[in-house]
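*Asks:* requesting a structural model of the entry that follows:
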Amino acid sequence: MSDRFGYVLRRPGSGSYSVRFSWGGREIWRRGGTTRAAASAKLSKAHALLVNGHKLDDVLRQIFSDRRNGKSFREVALDYLAAVEAEGSKRPTTLRFDKARMVRICVADWTARDLDEIRVADLHRWRDALRAKGQSAATVNRAASLASVVFSWAVGRSLADENPFRRMKPLNEAKDRKETYAPTPEEIAALVAAAPDRLRVYLLAASDLGARPAELRRARWENVDLEGRTFTIPPEDAKTGRVRVLPLTARLAEALAGLKARANVLPISGESPRVFERVNEKALYLDFAKAKKAAAEALPSGRWEAITPRCLRTAFASDHARLGTPLPVLAAMTGHGSYRVLERHYVKLAAQSAGADAAARFEALRNTEKTGEKQAGS
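*Replies:* Residues are numbered from 1 along each chain as shown. Below you'll find the predicted structure:
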């Protein structure tokens, strides 16, 4: 049903109706009720009040029990993050990543508008713009997923009628998925040798510990035991929220001792200094690119276009898989919640690089681990 003022629409997948109208440059969507007649009555009352000079927000509160007060997505996103932090329902590391991602989301123009004025077409344009800037499908999907969570949270508190993200299909990530590559020992050695001083020890740590780049950037000296040769990743820095104590190789322990002496780290009170103080995210990728360029001159046969900082972690895991490290042990070392990712990527890479005999051994290992898992669960 429609007239000159607005529309009554059936809500997809539900037994209720919505009303839609425009007034004062704002496009309004509100719940109308469980019948078309009830929704039409609300639309007529709203029209009459607006024509008689009532303010739009007052009409929305009176007719639709509106408690929104015209909150934008940005305002609701802040409320959501504050509520999640107060509830403690997310791990600190997850919440930190969500906050950073939300800042990037809220750069978009549509986030400044009222929730019920945001249309699916706006979100499609935003998603297309992110892809045009070179963001991967996986990255865009994660941003859309977080924004969708905010909308669902708002719907549950009567701050919005619907979540428009639910009418969008996720982007196909398979087309963007790049081949996982594990650098050879020769490539890693050339890369470390070509790296500037502030990056060299970091690359050794990434290669010998298999830690995630973000975990290494947040590492502090208080968690490095050079005498006991251990490198601890505390729960607040780990992606899974679980502590990991990793052994230091002899060469890494020596390199860290030299780095600590050069940095003149003193046992003072307060927050412990970061191990890789000068390796922030920007410096990492800039210096890494320079190191790759120099390493390519020293080792032209290397697959330098396929190597990223994360590939050092891949090399660590695939090397351990090739040597026969049990998958649950390797999962604990690399900080994976399960060893499914190891099966999909690292074990496959190791088997491919080690030949048919090793591939058969890896398959036997995988079957052994699965059998053990079934026995533990029975």
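
*Asks:* can you tell me the closest non-neighbouring residue to A253?
*Replies:* Leaving aside its sequence neighbours, A253 sits nearest to R229 (CB to CB, 6 or more residues apart in numbering; 5.3 Å). (Each C-beta comes from the backbone N, C-alpha and C, glycine too.)

*Asks:* residue contacts, the one you found?
*Replies:* Residues counted as contacts of R229 (CB atoms under 8 Å, 6 or more residues apart in numbering) are P247, L248, A253.

*Asks:* give the contact list for the closest residue to I118 other than its chain neighbours.
*Replies:* Spatial nearest neighbour of I118, chain neighbours left out: W110 (5.4 Å); criterion: CB to CB, 6+ apart. Listed by CB under 8 Å, 6+ apart, the contact partners of W110 are F73, I118, D122, L123, W126.

*Asks:* neighbours around the third one, how many?
*Replies:* Number of residues near D122 (other CB atoms under 10 Å) recorded here: 16.

*Asks:* R242 and G335 touch, don't they?
*Replies:* Yes: taking contacts as CB atoms under 8 Å, R242 lies within contact range of G335: 7.2 Å.

*Asks:* neighbour-wise, which of those two wins?
*Replies:* Each of R242 and G335 has its neighbours counted (other CB under 10 Å); G335 has more, 20 against 13.

*Asks:* thought the more buried one was touching K239?
*Replies:* Yes: counting by CB under 8 Å, K239 is a contact partner of G335 at 6.1 Å.

*Asks:* common neighbours of the two, please.
*Replies:* R212, E215.

*Asks:* hang on, the earlier thing: just the buried residues of the contacts of R229.
*Replies:* Buried members of those, counted by 16 or more other CB atoms under 10 Å: L248, A253.

*Asks:* in TSV: the contacts of R229, plus pLDDT.
*Replies:* Output for these, formatted as TSV (pLDDT from 0 to 100):
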residue	pLDDT
P247	93
L248	94
A253	94
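
*Asks:* tell me the one of the contacts of R229 nearest D197?
*Replies:* Comparing the contacts of R229 against D197 with CB to CB places A253 closest, at 18.0 Å.

*Asks:* wait, the closest one sits on G228?
*Replies:* No: between A253 and G228 there is no contact under CB under 8 Å: 9.8 Å.

*Asks:* return the subset of the contacts of W110 lying in helices.
*Replies:* Of these, the ones assigned to helices by DSSP state H are F73, D122, L123, W126.

*Asks:* CSV for these, including distance to S158 and pLDDT?
*Replies:* As requested, the ones in helices among the contacts of W110 are exported to CSV (distance: CB to CB, whole Å; pLDDT from 0 to 100):
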residue, distance to S158, pLDDT
F73, 16, 94
D122, 22, 93
L123, 21, 96
W126, 25, 97
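
*Asks:* so which of the residues you listed is the most crowded?
*Replies:* Neighbour counts for these, by other CB under 10 Å, peak at F73, which reaches 24 neighbours.

*Asks:* what's the neighbour count on A182?
*Replies:* Residues near A182, counting by other CB under 10 Å, number 25.

*Asks:* over to the one 10 residues further on?
*Replies:* Burial of V192, expressed as a neighbour count using other CB under 10 Å, amounts to 21.

*Asks:* OK, contacts around P183?
*Replies:* So P183 contacts L191, G302, R303, I307, C311, L312, T314, A315 (CB under 8 Å, 6+ apart).

*Asks:* which residue ranges of the stretch 251-378 of the chain form helices?
*Replies:* In the stretch 251-378 of the chain, the segments counted as helices under DSSP state H, counting those that start in this stretch are 281-298, 311-322, 327-334, 340-341, 347-354, 356-377.

*Asks:* could you do the stretch 101-250 of the chain as well?
*Replies:* Secondary structure of the stretch 101-250 of the chain (DSSP H, counting those that start in this stretch): helices located at 120-132, 137-156, 185-194, 197-209, 213-217, 250-263.

*Asks:* could the ones you listed go into a markdown table alongside distance to T34?
*Replies:* What follows is the helices of the stretch 101-250 of the chain, written out as a markdown table (distance: least, CB to CB, whole Å):
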| stretch | distance to T34 |
| --- | --- |
| helix 120-132 | 24 |
| helix 137-156 | 17 |
| helix 185-194 | 65 |
| helix 197-209 | 58 |
| helix 213-217 | 49 |
| helix 250-263 | 66 |
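
*Asks:* of the ones you listed, which stretch is the most buried?
*Replies:* helix 197-209 (a mean of 22; mean count of other CB atoms under 10 Å).

*Asks:* from A195, how far off is the residue nearest to A253?
*Replies:* Noted for R229: a distance of 23 Å to A195, by CB to CB, to the nearest Å.

*Asks:* one step back: can you lay out the contacts of P183 as JSON lines showing distance to V51?
*Replies:* Shown next, in JSON lines, are the contacts of P183 (distance: CB to CB, whole Å):
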{"residue": "L191", "distance to V51": "72"}
{"residue": "G302", "distance to V51": "74"}
{"residue": "R303", "distance to V51": "70"}
{"residue": "I307", "distance to V51": "67"}
{"residue": "C311", "distance to V51": "65"}
{"residue": "L312", "distance to V51": "68"}
{"residue": "T314", "distance to V51": "66"}
{"residue": "A315", "distance to V51": "71"}
